[in-house]
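S.K.: From the sequence below, what's the structure:
(one chain, ligands or ions: 1)
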Amino acid sequence: MTIASVGELFDLSGRTALVTGASSGLGWRFAEVLAANGANVGIAARRTDRLETLKSEIEARGGHALPVPLDVTDIDTIAPAFDAVEKAFGPVDILVNNAGVAAEGFIADMNPADWRKVLDTNLDGVFLVGQEAARRMTAVGKGGSIVNIASAIAFKVSKTLGAYAAAKAGVVQLTKVMALELADANIRVNAICPGYIETEINSDYFATEGGKKMIQRYVPMKRLGDIKELDGTLLLLASDAGSFITGTPILVDGGIAL
Ligand SMILES: NC(=O)c1ccc[n+]([C@@H]2O[C@H](COP(=O)([O-])OP(=O)(O)OC[C@H]3O[C@@H](n4cnc5c(N)ncnc54)[C@H](OP(=O)(O)O)[C@@H]3O)[C@@H](O)[C@H]2O)c1
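M.R.: This is a model prediction of the structure:
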């Protein structure tokens, strides 16, 4: 039996990917990583000016990207985003459901509007975009991979994160049900559950004394994750290297959820 090289195993040449929430943080990185490994990538978010910058960066490395406006809480924007990506690159084989927001607050004090926003974006958004991908992938009949970005908070909660924890635990369960329902169509559905990963929106906080103490107290590996430490898990789930993996939440969290 032949043995594939690492490059061949994770190769995404000829695939079409769509990454939601690609305008910053993890989504930006996911789009770069998929493009660097051969995929043509639809990059979706509300801040399309930032997507144009990402497109330039991907193209400067020889990749291909298409910015598409998308608000995962607005169902009317979802099909047009898929249509635009399909027109440019062909049907979507890989969906990374990454768009997300956070809102903190003790349950007793939480404004219901904050609760609604977190659930709308982080859970309903994953359902709506995932549903569109599932329908289209099933119609094409070539299978596919859906990677939902959940969180270690789906497994290990902390105070003030009620809405976020509920939404992310919902994403993990939704991932399993989708995997079960779509297995016949060879559409794999998995989740990445990151711990604290340093991004532009949290690096200021983690540099404070409070942030440093928090890492020492709650992260067994006693450090933040580097954004590049998600690359391998993403490629495993998106590529044929993970061709028998479905319905699995993978923790990439330095041990937080233990
Ligand atoms: N960083 C971490 O430590 C960490 C840990 C665990 C899980 N996560 C998860 O990873 C994902 C990315 O987080 P991040 O840290 O990279 O945060 P981020 O830098 O704030 O990025 C969030 C992304 O989501 C997009 N977004 C928000 N609401 C949207 C909407 N309604 N429609 C479309 N896009 C929307 C934003 O784009 P626009 O504002 O331009 O639309 C942005 O691109 C989230 O699901 C988050 O929960 C992050």
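
S.K.: Helices along this protein, start to end?
M.R.: For the chain, applying DSSP state H gives helices covering 6-9, 25-36, 48-60, 78-89, 112-119, 125-140, 162-182, 203-207, 209-218, 231-238.

S.K.: Among the ones you listed, which one carries the weakest average confidence?
M.R.: Here the lowest mean pLDDT among these goes to helix 203-207, at a mean of 87.

S.K.: quick one: buried residues of it?
M.R.: Neighbour-count burial for helix 203-207, counted by 16 or more other C-beta atoms under 10 Å, picks out Phe206. The way it works is simple: take the backbone N, C-alpha and C, and place the C-beta from them, glycine included.

S.K.: So which elements touch that helix?
M.R.: For helix 203-207, the elements it packs on are helix 209-218, judged by 3 or more C-beta pairs under 8 Å, 6 or more residues apart in numbering; DSSP states H and E.

S.K.: quick revisit: tell me which of the helices of the chain approaches the ligand most closely.
M.R.: Across the helices of the chain, the ligand has its closest neighbour in helix 25-36 (2.1 Å, C-beta to the nearest ligand atom).

S.K.: From the contact counts, what lies against that closest one?
M.R.: With contacts taken as 3+ C-beta pairs under 8 Å, 6+ apart, helix 25-36 sits against strand 16-20, strand 40-45, helix 48-60, strand 64-69, strand 94-97, helix 231-238.

S.K.: Up against the ligand, what does this protein have?
M.R.: 20-27, 45-47, 70-73, 98-101, 121, 149, 151, 194, 196-197, 199, 201 (C-beta under 6 Å from any ligand atom).

S.K.: circling back to that earlier point, mind putting the helices and strands packed on helix 25-36 into JSON lines with mean neighbour count?
M.R.: Shown next, in JSON lines, are the helices and strands packed on helix 25-36 (neighbours: other C-beta atoms under 10 Å):
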{"stretch": "strand 16-20", "mean neighbour count": "29"}
{"stretch": "strand 40-45", "mean neighbour count": "29"}
{"stretch": "helix 48-60", "mean neighbour count": "16"}
{"stretch": "strand 64-69", "mean neighbour count": "20"}
{"stretch": "strand 94-97", "mean neighbour count": "28"}
{"stretch": "helix 231-238", "mean neighbour count": "21"}
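
S.K.: ok, back up a step: which stretch among the helices of the chain is buried most, on average?
M.R.: With neighbours taken as mean count of other C-beta atoms under 10 Å, the helices of the chain reach their highest mean count in helix 25-36, at a mean of 24.

S.K.: Can you tell me what sits against that one?
M.R.: Contact partners of helix 25-36, identified using C-beta atoms under 8 Å, 6 or more residues apart in numbering, comprise 12, 17, 19-22, 41, 43, 45, 54, 57-58, 61, 63-65, 94, 96, 98-99, 149, 194, 197, 199-201, 227-228, 230-231, 234-235, 238.

S.K.: got the angle for that helix vs strand 16-20?
M.R.: Compare the direction of helix 25-36 with that of strand 16-20 by axes from the mean of the first three to the mean of the last three C-alpha atoms, to 10 degrees and you get 170 degrees.

S.K.: hey, C-alpha coordinates of stretch 167-179 in PDB?
M.R.: Extracted in PDB, the C-alpha atoms of stretch 167-179 (Å, rounded to 0.1, in the frame of the first residue of the first chain):
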ATOM      1  CA  ALA A 167     -24.100  28.600  22.700                       C
ATOM      2  CA  LYS A 168     -20.800  26.800  22.400                       C
ATOM      3  CA  ALA A 169     -22.100  23.600  24.100                       C
ATOM      4  CA  GLY A 170     -25.000  23.900  21.600                       C
ATOM      5  CA  VAL A 171     -22.500  24.000  18.700                       C
ATOM      6  CA  VAL A 172     -20.900  20.800  20.000                       C
ATOM      7  CA  GLN A 173     -24.200  18.900  20.100                       C
ATOM      8  CA  LEU A 174     -25.300  20.400  16.800                       C
ATOM      9  CA  THR A 175     -22.000  19.200  15.300                       C
ATOM     10  CA  LYS A 176     -22.800  15.600  16.400                       C
ATOM     11  CA  VAL A 177     -26.300  15.600  15.100                       C
ATOM     12  CA  MET A 178     -25.200  17.100  11.700                       C
ATOM     13  CA  ALA A 179     -22.500  14.500  11.500                       C
END
